[in-house]
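>>> Quick one, fold the following:
(one chain, ligands or ions: 2)
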Amino acid sequence: MIVRMSKLLLKTLRDDPADAATTSHKLLVRAGYVRRTSAGVWSWLPLGKRVLDNVTRVVREEMDAIGGQEVLLPALQPRETYEASGRAAEYGDLLFRLTDRRGGEHVLGPTHEEAVTQLVKDQVSSYRDLPVIVYQVQTKYRDEARPRSGVLRGREFQMKDSYSFDTGPDGLAEAYRLHREAYIRIFRRLGLDFRIVSAVSGAMGGSASEEFLAPAEAGEDTFVDCPACDYAANTEAVTFTATVPAAADPGPVEELDTPGTPTIETLAAHLGVPASATLKNLLVKVDGEITAVGVPGDREVDLGKLAEHLAPATVELVTAEDFAGRPDLVRGYVGPQGLDIPYLADPRIAPGTSWITGANKPGRHAADVVCGRDFTVDRHLDVVVVEPGDPCPRCGTGLTLGRAIEIGHIFQLGRKYADVFQLDVLGQDGRPARVTMGCYGVGISRAVAALAEQTADDRGLCWPAAIAPADVHVVAAGKAAAAELAERAATALHTRGLRVLLDDRASLSPGVKFTDAELIGVPHVLIAGRRAADGVVELRDRRTGRTAELPLEDALADLTADRDDRP
Ligand code: ATP
Ligand code: MG
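Ligands and ions are numbered 1, 2, ... in the order given. Okay, the predicted model is just below:
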């Protein structure tokens with residue numbers, strides 16, 4: 001197919017949109033791929049739609065290849081099913097809710113576990129009907145608090161979601177493995193750089209869950225990566241086995257006068273000791289009960305990790321009011337010794353280790369406070385914020401920290417929804433067996449933005465061949481002879497099965513056309529220009545910038561050969 005720019009719904013922009021902070025947001029708007037309709041809601045223009053379709057096609061092919069059956073569930077769903085599953089409360093304000101003319105309550109689906117469980121319940125009755133994998137490519141709705149970064153985080157966006165149904169854990173593990181491998185193939189084919197990270201530490205005793213992350217500065221996730229082995233994890237999922245040696249011969253607890261030292265920094269400076277010699281105690285409320293969390297003074301508490309360990313209990317920071325009427329809790333000078341509240345601590349706060357910590361008196365600290373002698377830890381939890389250089393849990397090498405975009409998520413769900421909707425089949429033993437499920441998502445519109453983030457350069461977008469809106473961008477850069485040669489090139493390429501974007505805009509200068517070609521980012525640019533009368537064109541590689549002047553026939557041969565090499 002030849003797409004003619006003279007007719008194309010396309011207006012490129014020279015300037016970045018004022019509200020754009022990320023590369024993909026800026027370039028996808030400037031190159032005419034997407035336009036913002038309202039906060040987090042986007043229209044896809046012809047070039048953008050082609051890229052979106054290319055991503056979708058790859059995802060479909062790989063889902064079909066693992067036996068996925070494509071369905072389409074409604075985006076508009078009865079709210080009561082979300083009440084039944086508990087997700088109305090879980091999602092809270094993230095859920096778009098609406099009421100119809102009869103007062104019926106609906107939601108716009110953020111994903112489709114409820115609907116798919118009911119659909120499959122209606123279709124299967126025996127273990128012989130399983131396993132089943134269904135998938136859909138659909139518009140999803142989430143009322144994100146901060147829809148930003150363009151299509152990276154929309155309130156309306158495209159997702160591929162699939163769901164597996166099995167009679168037991170082995171089947172679930174197999175469906176999970178199939179998805180994991182399909183996702184690896186998908187993201188490789190798309191040309192994305194990605195890591196697979198464990199999404200949860202297993203603190204909740206949760207089943208397997210992994211995220212596919214595309215490293216990019218614009219990402220909202222942080223992950224650790226081991227430069228030596230293949231370990232990678234979401235920062236909240238890293239578990240450490242760090243230790244601190246027990247004190248050799250600790251003396252008795254000694255109280256120190258430390259006026260004006262409510263923070264670790266002021267205390268360490270006042271005493272001339274490293275922060276790591278001190279014990280920091282953070283007060284939180286766990287289901288409303290004030291609880292202290294101890295970590296070495298040079299570390300921070302990761303509230304996300306803490307909340308995950310303690311779920312379903314809620315974790316909040318204490319406020320000034322919580323100290324009212326609690327003379328035992330001295331703000332800035334809390335120590336675990338003699339304290340009558342639950343005490344959780346990092347594993348480094350081990351029996352025999354000795355610390356400098358608050359003396360539970362204003363302006364005073366205590367030294368030689370020994371774990372197991374002067375205080376006890378009710379529960380050890382890995383809750384410190386990961387820092388670069390922390391040892392890899394697998395091989396001990398210093399970890400690096402990076403930012404990334406979550407492009408996919410695979411999750412062994414288990415029986416949660418099957419229990420809610422009583423999804424049973426007749427088991428092999430003749431008795432009803434509850435079905436076990438997995439759910440798996442790919443952010444299709446987000447993947448477009450992630451690719452833009454990873455591949456763009458300072459001149460514009462720079463698509464991998466597999467998902468580019470065209471194979472070749474043909475530019476007519478000159479008068480009649482150039483226009484005529486460009487037409488000839490476009491037709492020849494089209495005949496050979498390549499997708500062509502033809503810049504046949506009559507009134508624009510070659511300079512403007514070249515700039516647009518860089519911005520739009522088709523992998524190959526074929527220019528009919530100065531030597532058009534001799535049948536000579538310039539072939540330019542968008543990524544490397546390498547150019548060659550050659551007869552049109554040779555250029556066509558090059559481009560066709562290149563296409564045959566494509567994965
Ligand atoms: P996030 O943590 O980024 O909010 P999530 O973990 O809530 O995402 P899932 O429920 O796992 O997302 O959804 C599956 C996939 O859908 C994600 O891996 C991501 O690629 C994509 N996705 C989720 N939310 C959005 C959004 N607001 N805009 C675009 N894509 C999204
Ligand atoms: Mg996720």
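>>> And for Arg101, the neighbour number?
Using other C-beta atoms under 10 Å, Arg101 is surrounded by 5 other residues. In short, each C-beta sits where N, CA and C put it, glycine included.
>>> A helix includes it, no?
No. Applying DSSP: H, G, I helix; E, B strand; the rest coil, one finds Arg101 to be coil, outside a helix.
>>> Quick check: it vs ligand 1, distance?
Going from Arg101 to ligand 1 by C-beta to the nearest ligand atom, to the nearest Å gives 29 Å.
>>> try Pro388
Distance from Pro388 to ligand 1, by C-beta to the nearest ligand atom: 22 Å.
>>> correct me, but that residue touches Leu399?
Yes. Using C-beta atoms under 8 Å, Pro388 is in contact with Leu399, at 6.7 Å.
>>> These two: which is more packed in?
Relative neighbour count places Leu399 above the other of Pro388 and Leu399, with 25 against 10, counting by other C-beta under 10 Å.
>>> Tell me who's in contact with that one.
The contact partners of Leu399, by C-beta atoms under 8 Å, 6 or more residues apart in numbering, come to 224-226, 231, 238, 386, 388-392.
>>> Apart from its chain neighbours, what residue comes closest to it?
Val224 (4.3 Å; C-beta to C-beta, 6 or more residues apart in numbering).
>>> can you check Thr263 too?
Counting by C-beta to C-beta, 6+ apart, the residue nearest Thr263 is Gly332, at 7.0 Å.
>>> Quick one: residues contacting whichever residue of the stretch 251-400 of the chain sits closest to ligand 1.
In the stretch 251-400 of the chain, the residue found nearest to ligand 1 is Gly304; the distance is 11.6 Å by C-beta to the nearest ligand atom. Residues counted as contacts of Gly304 (C-beta under 8 Å, 6+ apart) are Glu236.
>>> Wasn't it part of a helix?
Yes. Counting by three-state DSSP, Gly304 is located in a helix.
>>> Pull up the per-residue confidence for it.
pLDDT for Gly304: 85.
>>> try Ser207
You'll see Ser207 listed with a pLDDT of 58.
>>> coming back round to it: so the residue nearest to Thr263 makes contact with Ile264?
No. The pair Gly332 / Ile264 is not scored as a contact, 10.0 Å apart, by C-beta under 8 Å.
>>> tell me, what residue is most central in this structure?
Taking C-alpha atoms, centre = their mean, the centroid of the chain lies closest to Glu406, which sits 1.3 Å from it.
>>> The helix or strand in which it is found packs against which elements?
Secondary structure assigned from DSSP states H and E places Glu406 in strand 400-414. With contacts taken as 3 or more C-beta pairs under 8 Å, 6 or more residues apart in numbering; DSSP states H and E, strand 400-414 sits against helix 169-190, strand 209-215, strand 221-225, strand 436-443, helix 444-455.
>>> May I see these arranged in a markdown table, with distance to ligand 1 as well?
Formatted as a markdown table, those follow (distance: least, C-beta to the nearest ligand atom, whole Å):
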| stretch | distance to ligand 1 |
| --- | --- |
| helix 169-190 | 10 |
| strand 209-215 | 7 |
| strand 221-225 | 7 |
| strand 436-443 | 2 |
| helix 444-455 | 4 |
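>>> I'd like the distance from the residue nearest to the centre of the chain to Asp374, if you could.
With the distance defined as C-beta to C-beta, to the nearest Å, Glu406 ends up 44 Å from Asp374.
>>> for the record, mean pLDDT for stretch 504-524?
96.
>>> tell me how far the ends of it are from each other?
16 Å (C-alpha to C-alpha, to the nearest Å).
>>> next one: stretch 331-340
End-to-end distance of stretch 331-340 (C-alpha to C-alpha): 15 Å.
>>> how about that stretch: buried residues?
Neighbour counts over stretch 331-340 (16 or more other C-beta atoms under 10 Å) mark 333-337, 339 as buried.
>>> Could you dump the contacts of Leu399 into CSV with distance to Pro147 and secondary structure added?
CSV is the format used below for the contacts of Leu399 (distance: C-beta to C-beta, whole Å; DSSP: H, G, I helix; E, B strand; the rest coil):
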residue, distance to Pro147, secondary structure
Val224, 28, strand
Asp225, 28, strand
Cys226, 33, coil
Tyr231, 33, coil
Val238, 29, coil
Val386, 28, coil
Pro388, 30, coil
Gly389, 35, coil
Asp390, 33, coil
Pro391, 38, strand
Cys392, 35, coil
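>>> Nearest to Arg177 among those residues?
Tyr231 (19.7 Å; C-beta to C-beta).
>>> Let me see the contact set for the closest one.
Contacts of Tyr231 by C-beta under 8 Å, 6+ apart are 224-225, 392-395, 399.
>>> The same query, at a cut-off of 10 Å, please.
Contacts for Tyr231 were tallied using C-beta atoms under 10 Å, 6 or more residues apart in numbering; they are 195, 197-198, 224-225, 238, 392-395, 397, 399.
>>> Do me a favour and get the end-to-end distance for stretch 78-89?
15 Å.
>>> So what touches it?
Here stretch 78-89 makes contact (C-beta under 10 Å, 6+ apart) with 90-91, 94-95, 97-99, 104-107, 109-111, 113-115, 117-118, 416-417, 419-421.
>>> one step back: give me the common contacts of Pro388 and Leu399.
With C-beta under 10 Å, 6+ apart as the test, Pro388 and Leu399 both reach Val224.
>>> Now Glu114: closest residue in space, sequence neighbours ignored.
Glu114 sits nearest to Thr81 (C-beta to C-beta, 6+ apart), 4.1 Å away.
>>> What backbone torsions are found at that neighbour?
The phi/psi pair for Thr81 (degrees, to the nearest 10) reads phi -70, psi -30.
>>> Tell me how many other residues crowd it.
Residues lying near Thr81 (other C-beta under 10 Å) number 19.
>>> And it, how far from ligand 1?
When distance is defined by C-beta to the nearest ligand atom, Thr81 is 17 Å away from ligand 1.
>>> could you measure that residue against Val420, distance?
Note on Thr81: its distance to Val420, by C-beta to C-beta, is 9 Å.
>>> Give me the common contacts of these two.
Counting by C-beta under 10 Å, 6+ apart, the shared contacts of Thr81 and Val420 are 87, 113-114, 117-118.
>>> Output those in TSV; the columns should cover distance to ligand 1 and neighbour count.
Shown next, in TSV, are the shared contacts of Thr81 and Val420 (distance: C-beta to the nearest ligand atom, whole Å; neighbours: other C-beta atoms under 10 Å):
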residue	distance to ligand 1	neighbour count
Arg87	11	21
Glu113	10	22
Glu114	14	23
Thr117	16	25
Gln118	19	20
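>>> Greatest separation within those: which pair is it?
Most distant of the shared contacts of Thr81 and Val420, by C-beta to C-beta, are Arg87 and Gln118, 13.7 Å apart.
>>> quick one: common contacting residues for the two?
Common neighbours of Arg87 and Gln118 (C-beta under 10 Å, 6+ apart) are 81, 417, 420.
>>> Residues of the protein that sit close to ligand 1?
Counting by C-beta under 6 Å from any ligand atom, the residues of the chain close to ligand 1 are 111, 142, 144, 153-154, 157, 159, 406-409, 441, 443, 445-446.
>>> sorry, back to before: show the pLDDT at the residue nearest to Glu114.
On the pLDDT scale, Thr81 gets 96.
>>> any idea how far it is from Leu73?
Distance check for Thr81 against Leu73: by C-beta to C-beta, it reads 11 Å.
>>> Kindly report the same for Ala477.
Distance, Ala477 to Leu73, by C-beta to C-beta: 49 Å.
>>> For the stretch 51-200 of the chain, which segments are assigned as helices?
79-85, 87-91, 113-123, 169-190 (DSSP state H, counting those that start in this stretch).
>>> centre of the chain versus the shortest one, how much separation?
Between the centre of helix 87-91 and the centre of its host chain there is 21 Å, according to C-alpha atoms, centre = their mean, to the nearest Å.
>>> got it, and the third one?
Centroid separation for helix 113-123 versus its chain: 27 Å, with C-alpha atoms, centre = their mean.
>>> List the contacts of it.
The contact list for helix 113-123 (C-beta under 10 Å, 6+ apart) reads 71, 73-75, 77-78, 80-85, 87, 107, 109, 112, 129-130, 132, 134-136, 161-163, 165, 413, 416-425, 435, 437, 439.
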